[in-house]
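> predicted structure and sequence below. I'll ask about it afterward.
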Amino acid sequence: MSFRFPPIPDVFLNTEVAFKAIEKNDFGNDVVKSEHSSKFRVESDKQLIKSEEGLMWKHTICLFCNDLDFAVNTGDNATFQLTKWKQVSGKVVDVGILENPDGSIHHYEIMLGEVIEHDL
């Protein structure tokens, strides 16, 4: 008998996130290789860092979903609406797979870096 954790409930997968894979063509221009979107649970963390140069905000975003039917790679662009008045964009820094005790995939975790908040 194999043991599996229950999936992330759909009620928590409430944020539509769009991913764009961009690569350079022969002329050095950005070309969209693929575009996909899916529902995710979003965790956001802001830290104020004090350094000799001054104050800086470090913004970390983690995205969680049960299943992905497309590939997400490091360097892909991600965009989603955080609130009614704020849109967030960032680059995929890490894609992780968390497994059940039986070795099957439980959920995916995607971490974003270079995060920018845009007021709408």
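Cool, the structure landed.

> quick check: which ranges of this structure have low pLDDT?
1 (pLDDT under 70).

> would you map the helices across the chain?
In the chain, no segments count as helices under DSSP state H.

> export the top strand by length along it as CSV, just CAs?
Assignment by DSSP state E gives strand 30-51 as the longest strand of the chain. C-alpha atoms of strand 30-51 as CSV (Å, rounded to 0.1, in the frame of the first residue of the first chain):
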residue,chain,number,x,y,z
ASP,A,30,13.8,38.7,-27.7
VAL,A,31,11.4,36.2,-29.2
VAL,A,32,8.6,34.5,-27.2
LYS,A,33,9.3,30.7,-27.3
SER,A,34,6.2,29.7,-25.4
GLU,A,35,3.4,31.1,-23.2
HIS,A,36,1.4,29.1,-20.6
SER,A,37,-0.7,29.8,-17.5
SER,A,38,-2.1,27.9,-14.6
LYS,A,39,-3.6,28.4,-11.1
PHE,A,40,-1.2,28.7,-8.2
ARG,A,41,-1.1,29.4,-4.5
VAL,A,42,1.2,32.4,-4.0
GLU,A,43,3.4,33.2,-0.9
SER,A,44,5.0,36.6,-0.9
ASP,A,45,7.7,37.8,1.5
LYS,A,46,9.3,41.3,1.7
GLN,A,47,12.4,42.0,3.8
LEU,A,48,14.0,45.3,4.4
ILE,A,49,17.8,45.0,4.2
LYS,A,50,20.1,47.6,5.6
SER,A,51,23.5,47.9,4.1
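
> can you point out the buried residues in it?
Residues 38, 40, 41, 42 are the ones in strand 30-51 that count as buried (16 or more other Cβ atoms under 10 Å). Quick note: C-beta positions are derived from backbone N, CA and C, even for glycine.

> got the residues you listed as CSV, with distance to residue 87 columns?
Shown next, in CSV, are the buried residues of strand 30-51 (distance: Cβ to Cβ, whole Å):
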residue, distance to residue 87
38, 17
40, 15
41, 18
42, 13
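
> of those residues, just say which sits nearest to residue 21.
residue 38 (14.2 Å; Cβ to Cβ).
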